[in-house]
Each structure stands twice: as C-alpha cells, then as structure tokens.
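Asks: Just need the structure, nothing else, for what follows:
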Amino acid sequence: MLSVKPRKCANKECRQEFIPARSFQKAHSIECAIKLAEQDRERKARVALHHQRANDRKRAEAIKTVPQLIKEAQIAFNAWIRARDAGKPCICCGRYSSGETRGGDWDAGHYRSRGAAPHLRFNEDNVHSQLKQCNRYGAGRAVDYRLGLIARIGIARVEALEANNEPHKWTRDELRAIAATYKAKLKELKS
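Replies: Here you go, the predicted structure:
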C-alpha cells in the first residue's frame, strides 16, 4: 500500500499541512476549498478581462482611419526630429530657445509644407527643428529656412527636395511602420 505524503494547503492564507484524502485535493478544509474556488474565479475573470481588453485594442487599431494613422505617425516623426536637432539653432533665424515658452519652444517645421507637398511630410531632409515663433507666427519664413537648409544639408539635397513632386498615397501599413520606426529611433536616440 502506498503511503500518502502530507502537503500544504493551497490557500495562501492558510498553508496548513494535511494528509489528502484524494490525489487532487488541494485544500485541507471546506472553507479553504471555497476560498480557493473564489480566488480561481477571480483569476479567471482577470484573465478574461485582460484578453477582452487586448481584443478591443486590436479591433480599435484595425479600424483606425488613414487620417488617424497619419496623425500618429506625424507625432512620432516630429518628436524624433525635435530630439535629432536638440542643441542646434533654429533652421530659420539661427537663434536658440529662450526656454520660456509654455509647451516648448520648438516645432518640427517643414520646408515644403504638408499641405503643398504631403508626399514629403515624413522626409527627414524636409523637416527640421524650428522655433515656434518662426514656424507659426513667421509664416514658416521660407526664404530664411532655405538658406539655413542649404547650410545644413547642401544645395544639391535642397534642390532635390524642391524638384520632388511625385505624389504618394499613404497606406495603413506604411503609416504604422513609420510610427513604429520613429518611435524606435527616438528611443535609441534618447538612450
């Protein structure tokens, strides 16, 4: 005949040793068994809620519109541009930040605007850190921007930007990839 080894009650509040009457017995008393059943129900409910939330996130991501994805990609791209150009002067006026503006002093300013050249909205040569004062209130200061851009990337690349009029229609997968790429680049730049 086999001898039954004592085991500890699976109820974490009890943990009393007992000799099980059956091989699958986990608790030493009915009260502990009820407590274990309640804990198991709560655990299963938490797991189900976690799966439900994950499915909801997947569904929400799947039904995002192209404009929503463009906005997310633009936010990631602009954050990387500002981090890339940190410590550099404004592309237009050559001044540095005073650090007094609420919400930050810098924009990711586009040389060729997103409205005029939407196909260049994620082109790294087309976007540089620009003081908000120059970008928003100075109408982009295109002439000064061009001079600063020539000094920074060279005339050949500036002329290539100006000559690029190839239209582009962004796909959902492209926009998701752009957002992921620039989030990763920003994380790498900050570390």
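
Asks: tell me the SS of the residue nearest to Gly148 when sequence neighbours are not counted?
Replies: Distances taken as Cβ to Cβ, 6 or more residues apart in numbering put Ile91 closest to Gly148, at 4.1 Å, once the chain neighbours are dropped. Any C-beta I mention is one placed from the backbone N, CA and C, and that applies to glycine too. Using DSSP: H, G, I helix; E, B strand; the rest coil as the criterion, the local structure at Ile91 reads coil.

Asks: any chance you could map the strands in the protein?
Replies: Under the criterion DSSP state E, strands of the chain are mapped to 7-8, 17-18, 106-110, 127-131.

Asks: thinking again about what came up before, in terms of contact, does the residue nearest to Gly148 touch Ser129 like I think?
Replies: Yes: using Cβ atoms under 8 Å, Ile91 makes contact with Ser129 at a distance of 6.7 Å.

Asks: joint contacts of the two?
Replies: Asp85, Gly109 (Cβ atoms under 8 Å, 6 or more residues apart in numbering).

Asks: I'd like the distance from the helix ranked longest in the chain to the chain centre, please.
Replies: Across the chain, the longest stretch assigned as helix under DSSP state H is helix 30-62. In terms of Cα atoms, centre = their mean, to the nearest Å, the gap separating the centre of helix 30-62 from the centre of its chain is 27 Å.

Asks: now do stretch 162-182
Replies: Between the mean C-alpha location of stretch 162-182 and the chain-wide mean there is a distance of 17 Å, by Cα atoms, centre = their mean.

Asks: can you list contacts of that stretch?
Replies: Counting by Cβ under 8 Å, 6+ apart, the neighbours of stretch 162-182 from elsewhere in the structure are 64, 66, 69-70, 72-73, 75-77, 79-80, 112, 117-120, 122-123.

Asks: Cys90: neighbour count?
Replies: By the criterion of other Cβ atoms under 10 Å, Cys90 has 27 neighbours.

Asks: on that earlier part again, what's the least confident stretch among the strands of the chain?
Replies: Set side by side, the strands of the chain give their lowest mean pLDDT on strand 17-18, at a mean of 86.
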